[in-house]
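Trainee: Based on what follows, work out the 3D shape:
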Amino acid sequence: MAGITFTINSFSLIIFVSALLYLLMQVYVQRKLRFLHARSPELDTKKLFVMSVWLACVVRVMSFVGLGALQIANVQVNYSMASYDGEDDDKDENQAFYDKAVIVLFDLPDYVIISTYVLMMLVWAECFLQSRFHTLKSQNFRKNWLVMYMVFNAILYGGQVALYAVLFLSTDPTFLGVNLRNLLFVIVTGINFTAVAMAWVLYFYLGFKFSGFPFRSDRAKKDFHKISQVIFYWSLSRLVWGGAMLASYTNDVGWVSDTDNSLASLTLIVLFIACELGPIFISLDYSLLSIIGLSDGAAFGGLEVPPAAGAGQADSLLGGEGYE
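Mentor: Numbers count the residues shown, from 1 in each chain. Here you go, the predicted model:
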């Protein structure tokens with residue numbers, strides 16, 4: 001149609017490909033969730049983790065749709081935190097809103113991923129308890145961990161809602177003397193590093209607390225180590241993502257605003273695949289289906305399973321469909 005032009009740039013392609021990848025992953029996760037529900041209708045930590053993964057994929061797809069809509073409308077946005085000053089008279093009257101909306105579209109899914117990572121830590125911790133003979137009450141540990149997870153989420157999302165409200169409602173681009181967008185950027189980077197630090201604290205705490213308790217069997221030990229490799233990949237991916245976001249800030253790289261920067265666009269999709277899609281796929285493919293066997297009616301905490309009976313049950317400790 002005359003007068004209408006549509007330009008395809010590197011960022012537009014990245015948006016399309018990324019949305020397609022996350023949509024496919026969403027379908028894959030939904031199949032896993034149905035499988036879990038068919039085995040047990042009860043809501044436990046493992047199923048909650050899969051639901052969180054599904055939500056992360058949905059939010060990412062929605063964010064890509066929003067960013068794609070801005071691209072189709074030929075809206076130029078400023079996501080380059082370090083260079084933002086909020087004083088450009090040539091901007092569209094709605095430009096400030098577009099810039100702020102892009103911050104939310106790009107950053108909000110990262111908080112869902114972080115929450116999912118923390119939940120994966122709890123799944124790993126449950127496997128730690130269930131892989132060993134011990135005399136402690138597993139139920140008490142699970143209850144305390146879930147409470148801490150809820151508090152973490154309340155602080156995570158509550159803080160972001162408050163900051164986003166200040167971002168959109170305030171005409172002043174600063175908050176307590178700090179540029180709001182810089183503050184949001186530093187927070188999302190810092191939370192990634194903080195979550196990984198929490199994982200290491202939990203790892204050393206459990207290792208020290210249960211250092212005198214043996215594994216139920218060689219099979220249990222082998223499967224637990226494989227699950228530990230999954231949580232290690234999650235931790236590494238969070239460090240890489242946080243480091244990449246920090247590097248983009250210090251080097252003034254606008255992931256969304258530099259739409260013709262092919263290198264930035266290629267780096268972005270590599271980060272999505274390596275730091276989000278990769279950990280999600282590996283979690284569902286290698287660990288989760290093995291872990292769900294723990295919920296099939298037997299109790300594995302403390303003295304609830306005597307050592308004499310442990311050998312037979314330990315073979316299916318991490319699920320009847322465990323690794324061969």
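
Trainee: Around Val102, count how many other residues there are.
Mentor: Number of residues near Val102 (other C-beta atoms under 10 Å) recorded here: 23. C-beta here means a position set from N, CA and C on the backbone, and glycine is covered the same way.

Trainee: I misspoke; the intended subject was His225.
Mentor: By other C-beta under 10 Å, the residues close to His225 number 11.

Trainee: How about the contacts made by it?
Mentor: Taking C-beta atoms under 8 Å, 6 or more residues apart in numbering as the definition of contact, His225 has no neighbours.

Trainee: and after the helix or strand where it lies, which helix or strand comes next?
Mentor: Secondary-structure assignment from DSSP states H and E places His225 in helix 218-250. Using DSSP H and E, the helix or strand that directly follows helix 218-250 along the chain is helix 262-272.

Trainee: Which neighbouring elements make contact with that following helix?
Mentor: Packing partners of helix 262-272 (3 or more C-beta pairs under 8 Å, 6 or more residues apart in numbering; DSSP states H and E): helix 10-39, helix 218-250.

Trainee: Buried ones in that helix, by neighbour count?
Mentor: Neighbour-count burial for helix 262-272, counted by 16 or more other C-beta atoms under 10 Å, picks out Ala264, Ser265, Thr267, Leu268, Ile269, Leu271, Phe272.

Trainee: Settle this for me: the second one is touching Ile15, isn't it.
Mentor: What it means is Ser265. No. With contact defined as C-beta atoms under 8 Å, Ser265 does not reach Ile15; the gap is 9.0 Å.

Trainee: Can you check which of the helices and strands packed on helix 262-272 gets nearest to Phe106?
Mentor: Closest to Phe106 of these, according to C-beta to C-beta: helix 218-250, at 10.0 Å.

Trainee: List the buried residues for the closest one?
Mentor: Counting neighbours by 16+ other C-beta under 10 Å, helix 218-250 gives 219-220, 223-224, 227-228, 230-231, 233-235, 237-238, 241-242, 244-246, 248-249 as buried.

Trainee: can you put the helices and strands packed on helix 262-272 in TSV and add mean pLDDT and distance to Ser131?
Mentor: TSV is the format used below for the helices and strands packed on helix 262-272 (pLDDT from 0 to 100; distance: least, C-beta to C-beta, whole Å):
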stretch	mean pLDDT	distance to Ser131
helix 10-39	86	20
helix 218-250	86	4
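
Trainee: In contact with Val240: list those residues for me.
Mentor: Taking C-beta under 8 Å, 6+ apart as the definition of contact, the neighbours of Val240 are Leu271, Ala274, Cys275.

Trainee: just curious, which of these is nearest to Phe141?
Mentor: Sorting those by distance to Phe141 puts Cys275 at the head of the list, at 29.1 Å, by C-beta to C-beta.
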